[in-house]
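**Student:** Turn this into a model:
(chains A, B and C)
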Amino acid sequence: MRIRFVSLIFLILSFAAPCLAQSDPKPLINQLANANFKQAEDIIGQIAATGDARVVPALEAFAEGDLYARKADDVVFITTASGSKLALVDPLTGESAGEVAKGAMTKIKVNNNLRRAIRDALGALTLMSPDRNARLQAANTMLAAPSEDNLELIETALARETDGEVRARMEEARAVSLLTSGRSIEEKREAIERIRNYGGRDAIGVLRGAYGSIDASLQPDIDKAIGAIESEIALWDMAQNVWYGLSLGSVLLLAAIGLAITFGVMGIINMAHGEMVMLGAYSTFVVQDIIRSSAPQLFDWSLAIALPVAFLVTAAVGLAIERGVIRFLYGRPLETLLATWGISLILQQAIRSIFGPTNQEVGNPSWMSGSFALGGMNVTWNRMWIIIFSLSIFFALLVLMKKSSFGLQMRAVTQNRRMASSMGIRTPWVDAFTFALGSGIAGIAGVALSQIDNVSPNLGQSYIIDSFMVVVFGGVGNLWGTLVGAMSLGVLNKFLEPWAGAVLGKILVLVLIILFIQKRPRGLFALKGRAVEA
Amino acid sequence: MTTIAETRSKSLLYLENVSVSFDGFKALNALSFVVEPGELRAIIGPNGAGKTTMMDIITGKTRPDTGTVLFEDAIDLTKRDEADIAQLGIGRKFQKPTVFESHTVWDNLELALNRSRGVFATLFYTLTGEDRARIEEILETIRLTHRKDELAANLSHGQKQWLEIGMLLAQEPKLLLVDEPVAGMTDAETAETAILLREIAKTRSVVVVEHDMGFIRDLGVKVTCLAEGSVLAEGSIDFVSSDPKVIENYLGR
Amino acid sequence: MITGFVLRALDGKIVVAIGILLAIAVLVPALNLLVPAGSAFHIPTYAVSLFGKYLCYALLALALDLVWGYCGILSLGHGAFFALGGYAMGMYLMRQIGSRGVYGDPVLPDFMVFLNWKELPWFWYGFDMFPFAMLMVLVVPGLLAFLFGWFAFRSRVNGVYLSIITQAMTYALMLAFFRNDMGFGGNNGLTDYKDILGFSVQAPGTRNVLFAMSAIMLALCLLIASAIVRSKFGKVLVGVRDAESRVRFLGFRVENIKLFTFVVSAMMAGIAGALFVPQVGIINPGEFAPANSIEVVVWTAVGGRGTLIGPIIGAVLVNAGKSFFTGAFPEFWLYALGGLFIAVTLFLPKGIVGTIQHGWHARTERKAAAEREKGEDADMMPQAAE
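**Tutor:** Numbering: from 1, shown residues only, chains lettered A, B, ... in the order given. Predicted coordinates:
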């Protein structure tokens, strides 16, 4: 394909260059009527060389075998079958030219060789296509296949190009081709510079390829350019790793943020926290199940509907747990730990009894799938949304804690229960609702996690230890600590992974946290002073 | 007038320019404070004056940001931890009486006895006649002989305070720090406690932190008034309580 | 000095408990081997191993109780010490298979041949010798506990923080042992044992001996634990649990006290694991699962922490219940276990034995108080234990 393309351009330049000025391709098309295969190939080249995008439909029709010549006058038309007749269309303007009997037309024969020539010609033509995206694509094709022969065509196209991005891409394509041409050293030096700016692994390939044949005085420039590109790539790799890390961190943040309230603010060791996340994920499953069977058109909205449902379900369960068990255990953290572990066993078994032990299928809405490129890195939409989502929850919670009267009461109760109580705050209800809030947020986290993890009764188990690590690492009672803790653990994990492997990386992170807690038993952002030591 | 060097060399406990802050709050601000051997000293001051923080620093619970803390003019207490400092001979009674509630009064004292405290020494320890006599003596001093086999949890609040003082005696410290010993005591108990502390002070130095001015008057000793982390006034109770700064900062409130 | 240490251990209840344990060490094998299979008194061999398993769990619970009940350290990682002891024993048993494995390699265990390993990793050296393996049963858990405790207790990691990092410890070990390249058989663990000290592990005689060993080791550890708890050290230990800072300000090195207890406890857990493995015939990374360690906590809580007999009773009762439930209503076991966690913490915080003891104390105290009223000598009051 590439070789064909190159030879085609060569054809254009050597034989048809004088015709570039010819603005009307119509006569060329009509010449096809009497051409043999060899001649037709030449003519295709000449048509392409006009740079007139109007010829595209004609060439496409030719390749399809829909191009006919009228026997009477050898005028060429694009045809479509219409009963026993053929409907004629002007090859350039696309205007209808009536219908004629099949017998009045001669089919212009096409073979695979010609089809290939046509395809290549179309590629070159699109460089001057009125459609911006088509031009961009053509420039990209040329960039990927550098050749001295492309040079003039690109320069022609460049001369009339106005779109900035396409122009830049064409410049790069020109630079790549220029490198191996017979142009002057100054021009080549500029080209190297341009390729360096373009960057990427392909650029290194191009530069390496040109290294041997290029003028010796330019070799240091190439070395420098390759060095620069390589460090740029390393930077992007790092950025990609950071991105993966942040993405993992946002998952940790989601899992831990509810805990930051129940454990961090209230001091309750809620071992059933993971099960709250699991309940949130199952709520999503149930919501999607109902939507699938009764209103499939709403499927893209299923997560938005699941969010409040999951919040209410898990908050209600949390409220019941607090009123039923935890309130009897305040001030006895180790007992709370045991009782909530018991609750977690019961919740797991309950879900297993209702839904079965296997994974449930939770679908991704369309806007959650796919990915896009950001510079040198690849960003998937579901990860992107989860980062955005976890940060929004975090900041919403922060605002709730700092600005709302409920947040004020919550902080008052944790700081001085007796004083708060004598100020008229109903401390038992503040406790209950705080716990319900923490649980509800865990449920919301479950909605998001259902998108990237298996929804099974064991879902919560896999998050509970990580969540505690995040909260303890970040510093108990400090929401910002939880954010920083989650993100830094996520990034650390992803940086250890390529070096140590996924499992060993996780083990190392755990060991590092254990050592870290020895050093700073109260986490990254610890509260200091007499009060906390009592 | 004695020079600073002389004050220091004669001192049992010497604090100079000690500062510590928690999250920007200055709990102690260039505090200087000296206790001589055999001295009984009372410390008063409003809440947040730094009384408990000062004790935390002397006993190694908190490290000062800056300043010198010397014991017997030789040992830098800022480099030692609680167990070390206790073994050096500094005993501390907490504000809230802290005894081993699930042990008997006798066992509480036995644990406090100044004997080798290593793991194996305690594993293989057996009560000697000498130790028995010492415990009985302390029981007499703190007036708990009749309740020696009861769990400490069953003692009254005042008795717990005394038991804790008894435990400090068993430790045989050179310096005793006593934080609010009469809080929650009846008047009779308070008076008895004053007698007890004066008795104890015959053989060692004692520093008492207290809010109860009547009790301080009973003790009849040199008083140091702290406010906002430094010494406001020092002298006899009458001298200190007539100081206008003390009245403004503490008594007047 | 030492005799005093041991004699102190032998208070009434402990003597009775040790007596019972030694009796069943003889009785159960006798009922299995000597009574004919048809008799109502016959104990089938599978039941002997099952009871043996309960006794190993009882020892594990006792070990946990020493740190939790007496020292206030709630370890959620004791399963790790148990599993390490088990792995040490498992490695010995693997080496005893010799060339009888599926691949017939005289030195390498099957899984290493399967993974294409050419030689034995260095940490497998010596495990063909029984005394060395038994030493490792104590040393490996003890060393881990020492290192972990050395750092944790010196930096005063306390309460729930300590619980959480012990849990992280066992979790990290579980992940590590799941890896094939760790050299411990990965997912499948160590199994297919043939014999121990030349006797077939399947033979009824060996199983009875293993059972008797479990009962005797439990009795021995009970004796040691009792001696520790009733010494002055034991009183300091309870002091650490109830008022750590008081102990510190009395001049004790709390970190050393905790460290010693933690290491002793980890070694006991290791012994339990070592006795467990030949009786169940397998050790795999699942034993490191955090859930297992938490289950041990509930056995101890049910029986009564801070008592020595309690954890033994709790472990046997809960595990007997588990055997029954998982056989009869497998669906309900987790409900029952979960409910047990909640019920014990809410309604029975002292556990079965603790509650009974408390009731007993309350009665004797009332009596003593009544006698005091009558002007009797208060010194006659019974000494309050525990």
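
**Student:** Please identify which helix or strand holds residue 133.
**Tutor:** Using chain A. Assigned by DSSP states H and E, A:Asn133 falls within helix A:132-144.

**Student:** Chain B, not that one
**Tutor:** Using DSSP H and E, B:Ala133 sits within helix B:129-141.

**Student:** ok, residues contacting the next helix or strand after that helix?
**Tutor:** Sequence order places helix B:157-170 as the next helix or strand after helix B:129-141, per DSSP H and E. Residues from elsewhere that reach helix B:157-170 (C-beta atoms under 8 Å, 6 or more residues apart in numbering or on different chains): B:91-94, B:97-99, B:105, B:108-109, B:111-114, B:134-135, B:138-139, B:141-144, B:147, B:152, B:155, B:176, B:178, B:181-182, B:184-186, B:189, B:193, B:196-197, B:200, C:250. C-betas here are computed from N, CA, C, even on glycine.

**Student:** of the residues you listed, buried ones?
**Tutor:** Buried by 16 or more other C-beta atoms under 10 Å in any protein chain shown: B:91-94, B:97-99, B:105, B:108-109, B:111-114, B:134-135, B:138-139, B:141-142, B:144, B:147, B:152, B:155, B:176, B:178, B:181-182, B:185, B:189, B:193, B:196-197, B:200, C:250, out of those.

**Student:** Give me the neighbour count for the residue lying closest to A:Phe355 once chain neighbours are set aside.
**Tutor:** Spatial nearest neighbour of A:Phe355, excluding adjacent residues (C-beta to C-beta, 6 or more residues apart in numbering or on different chains): A:Tyr282 at 6.7 Å. Burial measure for A:Tyr282: 25 neighbouring residues, criterion other C-beta atoms under 10 Å in any protein chain shown.

**Student:** Now the host helix or strand of A:Tyr282: average pLDDT?
**Tutor:** Secondary structure assignment for A:Tyr282, by DSSP H and E: helix A:273-294. Helix A:273-294 carries an average pLDDT of 93.

**Student:** closest point of chain C to chain A, which residue?
**Tutor:** C:Phe341 (2.5 Å; C-beta to the nearest C-beta).

**Student:** Contacts only, for that residue.
**Tutor:** By C-beta under 8 Å, 6+ apart, the neighbours of C:Phe341 are A:338-339, A:341-343, A:345, C:298, C:301.

**Student:** ok, now with 10 Å
**Tutor:** Neighbour list for C:Phe341: A:271, A:325, A:335, A:337-346, C:294-295, C:297-298, C:301-302 [criterion: C-beta atoms under 10 Å, 6 or more residues apart in numbering or on different chains].

**Student:** Please name the nearest non-neighbouring residue to A:Leu515.
**Tutor:** In space, A:Leu515 comes closest to C:Phe151 once its chain neighbours are excluded; the distance is 7.0 Å by C-beta to C-beta, 6+ apart.

**Student:** residues near C:Leu346, how many?
**Tutor:** Around C:Leu346 there are 15 residues (other C-beta under 10 Å).

**Student:** Looking at stretch A:143-157 now, give me its mean pLDDT.
**Tutor:** For stretch A:143-157, mean pLDDT rounds to 72.

**Student:** got it, and stretch C:123-140?
**Tutor:** pLDDT averaged over stretch C:123-140 gives 95.

**Student:** Is chain A within reach of stretch C:313-325?
**Tutor:** No. Stretch C:313-325 lies out of reach of chain A by C-beta under 10 Å from any C-beta of the partner chain, never closer than 11.7 Å.

**Student:** after the helix or strand containing A:Pro57, next one along is what?
**Tutor:** Taking DSSP H and E as the criterion, the element that holds A:Pro57 is helix A:56-64. Counting by DSSP H and E, the next helix or strand C-terminal to helix A:56-64 is strand A:67-70.

**Student:** Nearest the middle, which residue of the chain would you pick?
**Tutor:** The chain I'm using is chain A. A:Ser371 (2.4 Å; C-alpha atoms, centre = their mean).

**Student:** that's the wrong chain, I wanted chain B
**Tutor:** B:Leu177 (1.0 Å).

**Student:** Okay, now the unreliable bits of the stretch 1-150 of chain B?
**Tutor:** For the stretch 1-150 of chain B, residues meeting the criterion pLDDT under 70 lie at B:1-4.

**Student:** picking that back up, hey, what's the residue nearest to the centre of chain A bridged with?
**Tutor:** Under DSSP bridges, the beta-bridge partners of A:Ser371 are A:Thr380.

**Student:** I'd say it and A:Trp243 touch.
**Tutor:** No. Using C-beta atoms under 10 Å, A:Ser371 is not in contact with A:Trp243; the gap is 11.5 Å.

**Student:** List the residues that are in contact with both of those two.
**Tutor:** Residues touching both A:Ser371 and A:Trp243 (C-beta under 10 Å, 6+ apart): A:378-380, A:383-384.

**Student:** if we can go back for a sec, next, the angle helix A:56-64 makes with the helix holding A:Asn133.
**Tutor:** Following axes from the mean of the first three to the mean of the last three C-alpha atoms, to 10 degrees, one obtains 60 degrees for the angle between helix A:132-144 and helix A:56-64.

**Student:** in whichever helix or strand comes after helix A:132-144, what's buried?
**Tutor:** Counting by DSSP H and E, the next helix or strand C-terminal to helix A:132-144 is helix A:151-160. Neighbour counts over helix A:151-160 (16+ other C-beta under 10 Å) mark A:151-154, A:157-158 as buried.

**Student:** Just the C-alpha atoms of helix A:151-160, please, in CSV.
**Tutor:** C-alpha atoms of helix A:151-160 as CSV (Å, rounded to 0.1, in the frame of the first residue of the first chain):
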residue,chain,number,x,y,z
LEU,A,151,7.4,16.7,-0.3
GLU,A,152,6.1,18.8,-3.1
LEU,A,153,2.5,17.6,-2.7
ILE,A,154,2.6,18.5,1.0
GLU,A,155,4.1,21.8,0.2
THR,A,156,1.3,22.5,-2.3
ALA,A,157,-1.2,21.5,0.3
LEU,A,158,0.5,23.6,2.9
ALA,A,159,0.4,26.7,0.8
ARG,A,160,-3.4,26.6,0.7
